[in-house]
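> sequence-free structure coming up:
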């Protein structure tokens with residue numbers, strides 16, 4: 001069951017104001033009228049560009065992970081390769097391929113959009129395009145941005161299952177892709 005069109009909710013925006021605009025955070029305050037006539041005087045939406053993440057698997061069935069510090073939670077953790085859909089990218093696929101190459105030096109392989117998720121549909125306006133890339137291989141070195149500090153790790157299926165079992169994958173959008181992969185391939 002998939003609905004590609006946004007259903008009409010009957011919610012009306014009666015006023016909208018931007019409170020904060022920065023490259024990585026935009027906050028909008030809407031005043032809403034519900035179908036029953038009730039009003040919500042302050043509804044906050046965080047605006048972001050769309051994101052991508054990549055569940056990348058090598059020909060010998062190793063999973064390509066990065067490990068990096070995440071200041072919001074104050075921890076260093078394993079994650080899938082991920083990033084922002086840049087305006088100059090022609091599609092989420094191009095963004096995903098660029099991010100994998102930049103962060104890990106891996107590329108090639110067979111790519112498919114695996115799932116599309118929202119981090120929080122009640123308060124954010126963007127989607128995350130999750131890609132499955134199989135048969136990826138090293139094609140270059142990393143091309144990190146000055147603000148990126150991450151290491152590349154090739155993990156076995158058992159290592160990934162341990163991370164999932166121990167709740168060590170804290171990025172929910174990454175965990176969702178991995179759980180789907182495990183379920184579809186009957187790996188659990």
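Thanks, I have it. Computed from a predicted model, the values in this text were never measured in an experiment.
> drop to CA atoms for contacts and neighbour counts, all remaining ones
OK.
> Nearest spatial neighbour of residue 76, chain-adjacent residues omitted?
Distances taken as Cα to Cα, 6 or more residues apart in numbering place residue 69 nearest to residue 76, at 3.9 Å, with adjacent residues excluded.
> My read is that that neighbour contacts residue 75, right?
Yes: if you go by Cα atoms under 8 Å, residue 69 and residue 75 touch, sitting 5.5 Å apart.
> the more surrounded of those two?
Set residue 69 next to residue 75 and count neighbours by other Cα atoms under 10 Å: residue 69 wins out with 14 against 10.
> Name the helix or strand for the residue nearest to residue 76, please.
Using DSSP states H and E, residue 69 sits within strand 63-70.
> Quick check: neighbours of that strand in the sheet, parallel or antiparallel?
Partners of strand 63-70 in the sheet, by DSSP bridges, are strand 51-57 (antiparallel), strand 75-79 (antiparallel), strand 150-155 (antiparallel).
> mind listing what residue 123 touches?
For residue 123, the residues meeting the contact criterion (Cα atoms under 8 Å, 6 or more residues apart in numbering) are 44-46.
> Nearest to residue 108 among these?
Nearest to residue 108 among the contacts of residue 123 is residue 46, at 34.2 Å by Cα to Cα.
> beta partners of the closest one?
residue 27, residue 124.
> Equivalent analysis for residue 128, please.
Residues in a beta bridge with residue 128, per DSSP bridges, are residue 51, residue 117.
> list the contacts for it?
Contacts for residue 128 (Cα under 8 Å, 6+ apart) come out as 50-53, 116-119, 173.
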